[in-house]
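In: Give the three-dimensional model of this entry:
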Amino acid sequence: MSNIDYNLIMYLNCHTFHSLRYGVLSPGELVSRAATMGIEVLVLTDINSSSGVYDFVQACRQAGITPVVGIEFREDGRLLYTGIARNIDGFGELNRFLTRHRLAKLRLPFFAPLFESAFVIYPFDGNIPTVLRENEFIGIRHHQLNRLVTTSKNLPRHRLVVWQPVVFTSRQGWEVHRHLRAIDRNVLLSHLKDTEVASPFDWLVPPLKLQEGFSSFSFILSQTDDLLKQCSLDIDFTTVKNRKSYTGSSDGDAQLLRRLAREGCERRYGVDQVEAKQRVDKELNIIFQMGFAAYFLITWDIVQFALSQSFYHVGRGSGANSVVAYCLQITDVDPIGLDLYFERFLNPKRSSPPDFDIDFSWRDRETVQRYIFERFGPDHVALLGAIVTFQKRSTVRELGKVYGLPVEEIEMLSRPGGDYRNNEIAAQIFSVAEVISNFPNSRSIHAGGVLISDAPITDYTVVELPPKGLPTAQMDMYAAESIRFDKLDILSQRGIGHIKDCATIVQQNCDETIDVHDVERFKQDPRVKQLLRAGETIGCFYIESPATRGLLTKLRCDNYLTLVAASSIIRPGVAGSGMMREYIYRFHNPDKFSYAHPVMEQQLKETYGVMVYQEDVIKVCHHFAGLDLADADVLRRAMSGKYRSPSEFQVIVDRFFNNCRERGYPDELTKEVWRQIKSFAGYSFSKAHSASYAVESFQSLYLKAHYPLEFMVAVINNFGGFYASWVYVHEARRQGGTVHLPCVNRSDYLTSIQGKDIYLGLIFIRDLEQQLALNIVDERRIHGDFKGLEDLIVRTGIGREQILLLIRVGALRFTGLNKPKLLWEAHMYLTRDKEKVATPKLFPLPGRHYSLPQLLQQPIEDAYDEMELLGFPVTLTKFELLKTSFRGEIKASQMLNYVGRKVRMVGELVTIKYVRTVTHEPMFFGAFLDDEGVFFDTVHFPQVSKKYPFRGDGVYLVLGTVTEEFGMPLLEVDKMAVLPLCPDPRGN
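Out: Okay, the predicted model is just below:
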């Protein structure tokens, strides 16, 4: 590097679009432009960010450019100084400096600290220390050189270096930059200040042109060259960065993992299960060979902590292919029983690291995350980051604001399909939106990824603290994977909350203890089988959507394997390819189709010759074409778009065809099997993943089958099912529960159950302050029920607006007074400008009573209050509010008796599914409830949906023809209209 011509290496301050809402170049584009100019060294210094480092370094290596990295430090948009790493240690120093301030939420200091392995460059026109350290320099631009002669500053000339920031490569790039800055500052484009944008000269100036600018000050060029010659960056993209040992040594890890696996094998399979023992030993050999013992043990440790806290978990994803994981209780799926291959999870030819996906209740996940930070050390743990990108429609809205357009015009511009080419401003907005679409917009947190590193995490990235979250890496999953970080996914899921909460509620309401992990018993339970066959799965994890309930009904599903298959074929890829229908047909007609080859029958008999799972692709490649399991998985991953080596992929493809030829298969047979593999591999789903989901589904099903009311209360309280809350409230009532409005003397903050009486929680009351609701519940528990309105006001200090909400929703009905009288008394007791402070009284005085005229409240008024404050009526149904008494010619339960006939049905809209036809026209599927509380499904083809669109929530009159497929009725809609409700007599 000593012979590098300094004419080519003077770019110490390059930005990419990882300088959020500032830079306009991707790392690849920056490097590509530099390469065309013959530039040999680039220094990446994104603003307060190291996010783009790994993409930048890889791009430089491919282009033959020497990469150097650093960070430009800014506070409130003001440039303070720039750090440039001399080596990999310096990169860590810069990361740690920024991390300390980000985690402590401290402002950056005006002057940089002493870095042992990093240079610091201060801007010529910024704050410069009186005395510069050995590693500190001053960056000067070519247009500032004349000031060296005129300035009164006593600047050390031997510390001057060339400063040519790079933000864009053209005038158009500068304009894009200005738009980004206006979005960032939330100001009109015309109101941007010069200090808020980069100089128009911050572009990738050709090297010779830059040299000419400094020709009279060649010593600055030489000093810049000397500085860069001291910089080198050796980033390792080959070795795993995770914590290397759990026990302190690889031998200790191996001994512990082997002991735990063998103990778990006896617990799961018994003492004499030879196949299980052989499978455990085989997997352990691969785990040790690939250095994953610590990864398994760390995951085991986390699961053991969760079990010690009585937290429920589901281990899913490809990790469920591992018998060792099953024996360690990381997963609850038996890979041997399901014929799952370990190679789908881990094999020596896998190019990207595997990961475990562990689901916890949304209430428990943060506790688990905090345990990981404490157990493995905050310096070695961070949540995985993510990058939120600009999306075109939202970007158009943002750009509309910077042009000062009114809201109506912005909304019009953001709608698809409009033609605004003749509008100059609109054309400019769309032009910029096209450029910045998919640019990084902000940093966020990955859905569940956790990094546990061997070296300090700041050796690799900056760590920051989001407003609501734990320390998070400035690194997304792609960057982490590129340097071989194996993330651990600690995910949250509402379905687990349903299960855990239901078990607790059953204990409280029924005095019964349930082992929700006794899944083998649940699979054989007659009530569970009946719910599955009937599609009675509302509230049950993963199997409650209209499409899934319909599929379960068509398959007459009543067993685990069929449910596993259903969980996979319902996914868009399989369903959209037509293979879901083919699977159902073959399920009902096993003697009316043929297999392409006996091997296909042997390997795919369970799924009737349909490749439902990713594992099916592996099995066929292995057993039909003779590929080893590792090659088969590489082939599967490549077809799923997850493998980046075309040459290696082609070698395996050639091996597939050569093996088939050697086995004597006719070319037509080989081509047909290959066609099936190629068409299935892109959309197939992991069987282990489906099996994990099915285990959780059986847990939900068992609870619903035996404790339907407690289960529905748990679902309601987790606010995370497929449907809106009112559907679950309706289901609780349909299962025999008596649903009560919120009550200050009976309701908790969340919904509760006493016997068969279900009291909606105070959380449901719209605009009721959370702290007040919690105070009401606490005060009642400590000092007993409220005696009346005045007692509630005195003991809680509730204000006028909040007490009116409680009265209107019926939460004070225990007083025996109707709403008008309670409202009158509340107005008399409280005034707008004076709210009561809770003041406990030793001897409460009797309140004053007033003689009021008779005030009446009608049930329909209550229903409208409930719809406004709860979102749905409780004391009346929407059907009871209809102006018409017509409830349809037939009910949902009668549809199969009317197949082929045109009928009118009345139903309350539950949900809509939007799809597109093969010609890209929009069509819809609808789900409705009739007045008996039974679901029926509708299909709205494009012409009908255009003429009779959905008009929001409500009760609809639907005219259509009843059709049937595999025992599942469907209404093909011809016409549809919303039925009017009786008006609120108060005129609201």
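In: Now for this protein, the helix or strand with the poorest mean pLDDT.
Out: helix 572-576 (a mean of 63; mean pLDDT, DSSP states H and E).
In: Now tell me what touches the very next helix or strand once past that one from outside.
Out: Sequence-wise, the next helix or strand beyond helix 572-576 is helix 579-588, with elements assigned using DSSP states H and E. For helix 579-588, contacts defined as C-beta atoms under 8 Å, 6 or more residues apart in numbering pick out 551, 554-555, 565, 569-570, 574, 592-593, 607-612, 680, 966. From N, CA and C alone the C-beta is placed, and that goes for glycine too.
In: Show me which of those residues are buried.
Out: With neighbours counted by 16 or more other C-beta atoms under 10 Å, the contacts of helix 579-588 contain buried members at 551, 554-555, 565, 569-570, 574, 607-612, 680.
In: And the strands in the stretch 1-150 of the chain, which stretches?
Out: Read by DSSP state E, counting those that start in this stretch, the stretch 1-150 of the chain holds these strands, from start to end of the chain: 41-47, 66-75, 78-85, 118-123, 136-140.
In: Mind checking those for the one nearest to His446?
Out: Judged by C-beta to C-beta, the one of the strands of the stretch 1-150 of the chain that comes nearest to His446 is strand 41-47, at 19.9 Å.
In: now for that closest one, which elements pack on it?
Out: In this structure, strand 41-47 makes packing contacts with helix 27-36, helix 53-63, strand 66-75, strand 78-85, judged by 3 or more C-beta pairs under 8 Å, 6 or more residues apart in numbering; DSSP states H and E.
In: avg pLDDT for that strand?
Out: The average of the pLDDT scores along strand 41-47 is 97.
In: go on, stretch 906-918?
Out: On average, the pLDDT along stretch 906-918 is 92.
In: same check, this time on stretch 191-211
Out: The predicted model gives stretch 191-211 an average pLDDT of 93.
In: For it, C-alpha coordinates in PDB please.
Out: The C-alpha atoms that make up stretch 191-211 are tabulated as PDB, following Å, rounded to 0.1, in the frame of the first residue of the first chain:
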ATOM      1  CA  HIS A 191     -37.700  26.800   4.300                       C
ATOM      2  CA  LEU A 192     -34.500  24.600   4.500                       C
ATOM      3  CA  LYS A 193     -31.600  26.400   6.000                       C
ATOM      4  CA  ASP A 194     -28.100  26.200   4.500                       C
ATOM      5  CA  THR A 195     -26.900  24.600   7.700                       C
ATOM      6  CA  GLU A 196     -29.400  21.800   7.300                       C
ATOM      7  CA  VAL A 197     -28.200  20.600   3.900                       C
ATOM      8  CA  ALA A 198     -24.900  19.500   2.400                       C
ATOM      9  CA  SER A 199     -22.900  21.800   0.200                       C
ATOM     10  CA  PRO A 200     -23.600  21.500  -3.500                       C
ATOM     11  CA  PHE A 201     -19.900  20.700  -3.800                       C
ATOM     12  CA  ASP A 202     -20.200  17.500  -1.600                       C
ATOM     13  CA  TRP A 203     -19.900  15.100  -4.600                       C
ATOM     14  CA  LEU A 204     -17.500  12.500  -5.900                       C
ATOM     15  CA  VAL A 205     -15.100  14.900  -7.500                       C
ATOM     16  CA  PRO A 206     -12.800  13.200 -10.100                       C
ATOM     17  CA  PRO A 207      -9.300  12.600  -8.500                       C
ATOM     18  CA  LEU A 208      -7.400  14.900 -11.000                       C
ATOM     19  CA  LYS A 209      -9.900  17.700 -10.500                       C
ATOM     20  CA  LEU A 210      -9.500  17.400  -6.700                       C
ATOM     21  CA  GLN A 211      -5.700  17.300  -7.100                       C
END
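In: Could you list the buried residues of that stretch?
Out: Applying a neighbour-count criterion of 16+ other C-beta under 10 Å, the buried positions in stretch 191-211 are 192, 197-198, 202-205, 207, 210-211.
In: swap in stretch 477-487?
Out: Along stretch 477-487, these residues count as buried under the neighbour rule (16+ other C-beta under 10 Å): 477, 479-483, 485-487.
In: Which residues does stretch 278-288 contact?
Out: Contact with stretch 278-288 is made by 254, 257-258, 261-262, 265, 293, 296, 322-324, 327, 335-336, 342, 346-348, as judged by C-beta under 8 Å, 6+ apart.
In: Using ChimeraX, define a selection of the buried residues within those residues.
Out: Typed into ChimeraX, the next command selects the buried ones out of the contacts of stretch 278-288 (criterion: 16+ other C-beta under 10 Å):
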select :254,257,258,261,262,265,293,296,322,323,324,327,335,342,346,347
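In: low-confidence ranges in the stretch 601-750 of the chain?
Out: Counting by pLDDT under 70, the stretch 601-750 of the chain contains low-confidence residues at 639-648, 679-684.
In: The helix or strand in which Lys671 is found: how far from the chain's middle?
Out: With elements delineated by DSSP H and E, Lys671 resides in helix 667-681, which encompasses its position. Relative to the mean C-alpha coordinate of its chain, helix 667-681 is positioned 34 Å out (C-alpha atoms, centre = their mean, to the nearest Å).
In: can you pull the buried residues of the very next helix or strand once past it?
Out: Following helix 667-681 in sequence order, the next helix or strand is helix 687-706 (DSSP H and E). Using 16+ other C-beta under 10 Å as the burial criterion, the residues of helix 687-706 that qualify are 687-706.
In: Stretch 715-727 too?
Out: Of all the residues in stretch 715-727, those buried under the rule 16+ other C-beta under 10 Å are 715-718, 721-723, 725-727.
In: now the nearest residue to Ala565 once chain neighbours are set aside: how far from Gly907?
Out: Distances taken as C-beta to C-beta, 6 or more residues apart in numbering put Val612 closest to Ala565, at 5.5 Å, once the chain neighbours are dropped. Taken as C-beta to C-beta, to the nearest Å, the spacing of Val612 relative to Gly907 amounts to 33 Å.
In: Does the longest strand along the chain pack against any helices or strands, and if so which?
Out: The strand of greatest length in the chain, counted in residues with DSSP state E as the criterion, is given as strand 902-916. Using 3+ C-beta pairs under 8 Å, 6+ apart as the contact criterion, the secondary-structure elements in contact with strand 902-916 are helix 546-555, strand 922-929, strand 935-940, strand 955-965, strand 968-978.
In: by how many degrees do that strand and helix 546-555 diverge?
Out: Here the directions of strand 902-916 and helix 546-555 differ by 120 degrees (axes from the mean of the first three to the mean of the last three C-alpha atoms, to 10 degrees).
In: how many degrees apart are strand 902-916 and strand 968-978 in direction?
Out: Computed by the same axes, to 10 degrees, the angle between strand 902-916 and strand 968-978 is 90 degrees.
In: Run through who's touching strand 902-916.
Out: Under the criterion C-beta under 8 Å, 6+ apart, residues 546-547, 722-723, 727, 878-879, 886-892, 922-931, 935-936, 950, 953-962, 971, 974, 979 lie in contact with strand 902-916.
In: rerun at 7 Å
Out: Strand 902-916 has contacts (C-beta atoms under 7 Å, 6 or more residues apart in numbering) with 546-547, 723, 727, 878, 886-890, 922-931, 936, 950, 953-962, 971, 979.
In: Could you tell me which residues within it count as buried?
Out: Residues of strand 902-916 classed as buried: 903, 905-910 (neighbour count, 16+ other C-beta under 10 Å).
In: which pair in the buried ones among the contacts of helix 579-588 spans the largest distance?
Out: Comparing all pairs in the buried ones among the contacts of helix 579-588 by C-beta to C-beta, the longest separation belongs to Lys554 and Phe680, at 20.9 Å.
In: picking that back up, can I get the strands of the stretch 1-150 of the chain in TSV including mean neighbour count?
Out: Formatted as TSV, the entries for the strands of the stretch 1-150 of the chain read as follows, by neighbours: other C-beta atoms under 10 Å:
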stretch	mean neighbour count
strand 41-47	25
strand 66-75	22
strand 78-85	23
strand 118-123	24
strand 136-140	24
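In: of all those, which lies closest to Asp234?
Out: When these are compared by C-beta to C-beta, strand 66-75 sits nearest Asp234, at 10.2 Å.
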